[in-house]
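J.: Just a sequence and a predicted model for now, questions to come.
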There are 2 protein chains.
Amino acid sequence: MEEKSLSDIGELGVIDRIRKLAETFSPNVVIGIGDDAAVVKMGKDLLLFSTDLLIEGIHFRRDYTPPELLGKKAVAVNVSDIAAMGGVPLYFTLSFAAPEELSLSFLDRFASGISASAEMYNLSLIGGDTSAGEKIVIDIAIIGKAEGAAPITRAGASPGELIFVSGNLGDSAVGLTLLEAGFRMSEKGGITSPTSLSKEEEGLAQTLLSAHLNPQPELTLGRLLAERRIPGAMLDISDGLARDIGNLCRASKVGARLYKNKIPLSEALIHFAKKLDRDATDLAISGGEDYRLLFTAPPEKLKEIEGLSRELKRDIIELGEIVESSSEIYIMDEDGREASFSGGYDHFGKK
Amino acid sequence: MEEKSLSDIGELGVIDRIRKLAETFSPNVVIGIGDDAAVVKMGKDLLLFSTDLLIEGIHFRRDYTPPELLGKKAVAVNVSDIAAMGGVPLYFTLSFAAPEELSLSFLDRFASGISASAEMYNLSLIGGDTSAGEKIVIDIAIIGKAEGAAPITRAGASPGELIFVSGNLGDSAVGLTLLEAGFRMSEKGGITSPTSLSKEEEGLAQTLLSAHLNPQPELTLGRLLAERRIPGAMLDISDGLARDIGNLCRASKVGARLYKNKIPLSEALIHFAKKLDRDATDLAISGGEDYRLLFTAPPEKLKEIEGLSRELKRDIIELGEIVESSSEIYIMDEDGREASFSGGYDHFGKK
């Protein structure tokens, strides 16, 4: 009999086994493993903790990632976890491994990206570790605080609530496809491509590459949603809509019905999906790393949500509703039929 | 002109460049990058943060590391950073990457080691991230608290203070040499070796392999030292005595005089150093990963330190004294002459 390996249980299986380790809690742990961030009581404060690992060759490739944007993104994805709880990020630690032949200019440009993000989100770097390694490894642990509002978890969705998303989906996944096809973006946003592009196409490509290389966490929106006690449940979409609505439903013990024609698609996504001969909506449903907020709220909050959308000049799109039937997710097509959808990204999956 | 790389500036150079990022502090950051742990004010509490990265092929090899002990050590080295501040560890996050062909039994045994350490130190695992990767990568971020005493930093040593270490040095480095020579230890402590050993030698080898594979952070000692306000400065020896006394002196802007014949050597170290044709004291001075506490204290605390040593049944050895001459370190041999010493471990160093 062959010995079983990680690929037999997939990423969720690995996470489940690690989660089992976390079963004995200190009474001060309000939320442990399994949400966007952990919540811990400390005196009068509720602290938030999260960590994200980025590995060269898995999460990014050096040839298409400007070092500044790598630094920015490493911080941004952690800030997004705090945003998804409605919190305020405060401090972070940085572990960094790299081959010793890595150029100093790479290190300095990476560091300036970290710096720029830290300044933008008003974060202090308070610790770290460095090592040699064959591949670049970046691990950031972030510490935040729930300020003036209880943290919003994944587990609070109730049947009858509507489902919202804070912007277009799928841009990051198509941006990645373009990078793999040889498109490049400089840290200032300049685009080069393997084939000649019109000025307009260049702008569209920039939207997609930026979505992947330079994601913008929804910190203000997350905090205001929490302060105004709007969401039932909330998370950030890192693994793709399909997988993350599944995560929300599993945590909340509910199901969801999403309407395919309501899923927001950028003009850029539609244009390049066509060129790539891919279904735009499928890309938006399965593509990861959009870092939009996905949240639920009762219908009577709709006006307040529209007000918030105008106030922040951000689109907040209603996608569907939470239903009973525990953990089942339906995606309805234009004719009201259930459409199939494919899952998100699994680091250890065989498929 | 050839472009410069990380190996040109070494690990300290990399750390310095990352430290520069941390120059703008929130007023709540009491101690930032550069000590064993960062110290942050949160309400009435002083929180401690630290992080440690372990990479397969750099920090450990899979062929000689029982997975349980890998899990234990990953937690222990972080606990040691909290111990070195005199704090109490509370929570940790775990980032874990591994090749998808890694066996499930490895994962389960690693997880049980994490669990055992967490229970031993009364820690809660509150978050994490997982990824595929060519090599195993483990990054733990730990959160602790200064309880009933101000944290002890590296920066408080004054001329005239004595220098102490909490046990034998060099065992871990020789343990590593034995592992590389084909010695093996099971998670229960059973020893196998490439050549036949006497029962007595087996016991000595076990001491050395345990020191490397299963280090024991000095949590109780660190906390009691802080509570009783004994140390001027303190750190844990992870990079080797030579390098870490240098770190302490640089932070405190002092120098040190160490007496070669006072450096505590285990019987096991002496035996195997001879077999390996190496100088035992040199190994104790330059070898890393002992995780002993190195601290300074004024001579009038000597009685109190002896009392603490008896109370905990732990050796606390006086090694030398702090001197003025900023950041110069002398190691004196038996004849009172300055002896040379070689440095500790540099991840990016060329030498």
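T.: Yep, it's here. Numbers count the residues shown, from 1 in each chain, chains lettered A, B, ... in the order given.

J.: how long is stretch A:128-144 end to end?
T.: 17 Å (C-alpha to C-alpha, to the nearest Å).

J.: Let me see the contact set for A:Gly86.
T.: Contact analysis of A:Gly86 by C-beta atoms under 8 Å, 6 or more residues apart in numbering or on different chains lists A:146, A:149, A:151-152, A:222-223, A:225-227, A:231, A:234. Every residue, glycine included, has its C-beta placed from N, CA and C.

J.: Give me the buried entries from those residues.
T.: Buried members of the contacts of A:Gly86, scored by 16 or more other C-beta atoms under 10 Å in any protein chain shown, are A:146, A:149, A:151-152, A:222-223, A:225-226, A:231, A:234.

J.: Out of these, which is nearest to A:Leu102?
T.: Nearest to A:Leu102 among the buried ones among the contacts of A:Gly86, counting by C-beta to C-beta, is A:Gly222 at 34.3 Å.

J.: Can you check the pLDDT for that closest one?
T.: Reported pLDDT at A:Gly222 in the predicted model: 97.

J.: Against chain B, how distant is it?
T.: Shown here: A:Gly222 relative to chain B, a distance of 18 Å by C-beta to the nearest C-beta, to the nearest Å.

J.: Doesn't that residue lie inside a helix?
T.: Yes. The assignment for A:Gly222 by DSSP: H, G, I helix; E, B strand; the rest coil puts it in a helix.

J.: In this structure it contacts A:Ala84, no?
T.: Yes. Counting by C-beta atoms under 8 Å, A:Gly222 does reach A:Ala84; the two are 6.1 Å apart.

J.: Count the neighbours of A:Trp15 for me.
T.: Careful, residue A:15 is Ile and not Trp. A:Ile15 has 19 neighbouring residues, counting by other C-beta atoms under 10 Å in any protein chain shown.

J.: residues touching it, list them.
T.: Each residue near A:Ile15 by C-beta under 8 Å, 6+ apart is listed here: A:33, B:128, B:130.

J.: Any chance of JSON lines for these, columns distance to B:Lys20 and secondary structure?
T.: JSON lines is the format used below for the contacts of A:Ile15 (distance: C-beta to C-beta, whole Å; DSSP: H, G, I helix; E, B strand; the rest coil):
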{"residue": "A:Ile33", "distance to B:Lys20": "34", "secondary structure": "strand"}
{"residue": "B:Gly128", "distance to B:Lys20": "29", "secondary structure": "strand"}
{"residue": "B:Thr130", "distance to B:Lys20": "31", "secondary structure": "strand"}
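
J.: Minimum pLDDT in the residues you listed, which residue is that?
T.: Per-residue pLDDT puts A:Ile33 lowest of the contacts of A:Ile15, at 85.

J.: which of the contacts of A:Ile15 lies closest to A:Ile331?
T.: For those, the nearest to A:Ile331 is B:Thr130 (27.0 Å; C-beta to C-beta).

J.: My guess is that closest one contacts B:Ser95. True?
T.: Yes. Under the criterion of C-beta under 8 Å, B:Thr130 makes contact with B:Ser95 at 7.5 Å.

J.: Mind listing the shared neighbours of the two?
T.: Jointly contacting B:Thr130 and B:Ser95 under the rule C-beta under 8 Å, 6+ apart are A:Leu53.

J.: Would you mind measuring from A:Asp290 to A:Val40?
T.: 28 Å (C-beta to C-beta, to the nearest Å).

J.: What residues does the stretch 101-250 of chain A have near chain B?
T.: With the criterion set to C-beta under 8 Å from any C-beta of the partner chain, the stretch 101-250 of chain A comes near chain B through A:101-105, A:107-108, A:111, A:114-115, A:118-119, A:122, A:124-135, A:137, A:139, A:141, A:143.

J.: re earlier: so which of the buried ones among the contacts of A:Gly86 are in strands?
T.: Among the buried ones among the contacts of A:Gly86, DSSP state E puts A:Met234 in strands.

J.: quick one: which helix or strand includes A:Glu306?
T.: helix A:302-312 (DSSP states H and E).

J.: Tell me the helix or strand right after that helix.
T.: Going down the chain from helix A:302-312, the next helix or strand is strand A:317-323, by DSSP H and E.

J.: what does that next one contact?
T.: A:157-167, A:232, A:249, A:252, A:254-259, A:262-264, A:296, A:302, A:330, A:332.

J.: Drop anything exposed from those.
T.: A:157, A:161-167, A:232, A:249, A:252, A:254-259, A:263-264, A:296, A:330, A:332.

J.: Select from those residues every entry located in strands.
T.: Mapping the buried ones among the contacts of strand A:317-323 onto strands (DSSP E) picks out A:162-165, A:255-259, A:296, A:330, A:332.

J.: neighbours of A:Arg19, just the number please.
T.: Other residues within reach of A:Arg19, judged by other C-beta under 10 Å, total 15.

J.: before we move on, what about the one 10 residues further on?
T.: Counted with other C-beta under 10 Å, residues neighbouring A:Val29 total 19.

J.: Please name the bridge partners of it.
T.: Beta-bridge pairing of A:Val29 under DSSP bridges involves A:Val40.

J.: got the contact list for it?
T.: Taking C-beta under 8 Å, 6+ apart as the test, what A:Val29 contacts is A:38-41, B:91, B:124, B:126.

J.: and what of A:Gly203?
T.: Contact analysis of A:Gly203 by C-beta under 8 Å, 6+ apart lists A:Ala268.

J.: Could you measure from it over to A:Ser309?
T.: When A:Gly203 is compared with A:Ser309 (using C-beta to C-beta), they lie 24 Å apart.

J.: cool, A:Gly86 as well?
T.: Noted for A:Gly86: a distance of 17 Å to A:Ser309, by C-beta to C-beta.

J.: ditto for A:Gly246
T.: As judged by C-beta to C-beta, A:Gly246 and A:Ser309 stand 26 Å apart.

J.: These two: which has the busier surroundings?
T.: Here A:Gly246 and A:Ser309 are compared on neighbour count by other C-beta under 10 Å; more neighbours surround A:Gly246, at 20 against 16.

J.: any idea which element the more buried one lies in?
T.: A:Gly246 is part of helix A:241-252 when elements are defined by DSSP H and E.

J.: quick one, that helix and strand A:317-323 angle?
T.: Taking axes from the mean of the first three to the mean of the last three C-alpha atoms, to 10 degrees, one finds that helix A:241-252 is oriented at 40 degrees with respect to strand A:317-323.

J.: for helix A:241-252, packing partners?
T.: With contacts taken as 3 or more C-beta pairs under 8 Å, 6 or more residues apart in numbering or on different chains; DSSP states H and E, helix A:241-252 sits against strand A:234-236, strand A:255-259, helix A:280-286, strand A:293-297, strand A:329-332.

J.: tell me the contacts of the residue in the stretch 151-300 of chain A positioned nearest to chain B?
T.: For the stretch 151-300 of chain A, the residue closest to chain B is A:Ser238, as judged by C-beta to the nearest C-beta, at 10.3 Å. Counting by C-beta under 8 Å, 6+ apart, A:Ser238 makes contact with A:77, A:80, A:244, A:288-291.

J.: Pull out the buried members of those.
T.: By neighbour count, with 16+ other C-beta under 10 Å, these hold A:77, A:80, A:244, A:288-291 as buried.

J.: Identify the farthest-apart pair in the residues you listed.
T.: Comparing every pair within the buried ones among the contacts of A:Ser238 by C-beta to C-beta identifies A:Val77 and A:Asp244 as the most remote, at 13.9 Å.

J.: Go through the residues of the stretch 101-250 of chain A next to chain B and flag which are in strands.
T.: Judged by DSSP E, these include A:124-132, A:137, A:139, A:141, A:143 as members of strands.

J.: which one of the residues you listed is nearest A:Phe60?
T.: Distances from A:Phe60 to these, taken as C-beta to C-beta, are shortest for A:Val137 (11.1 Å).

J.: Apart from its neighbours in sequence, what residue is nearest that closest one?
T.: Leaving aside its chain neighbours, A:Val137 sits nearest to A:Ala97 (4.1 Å; criterion: C-beta to C-beta, 6 or more residues apart in numbering or on different chains).

J.: would that neighbour count as being in a helix?
T.: No. Counting by three-state DSSP, A:Ala97 is not found in a helix; it is strand.
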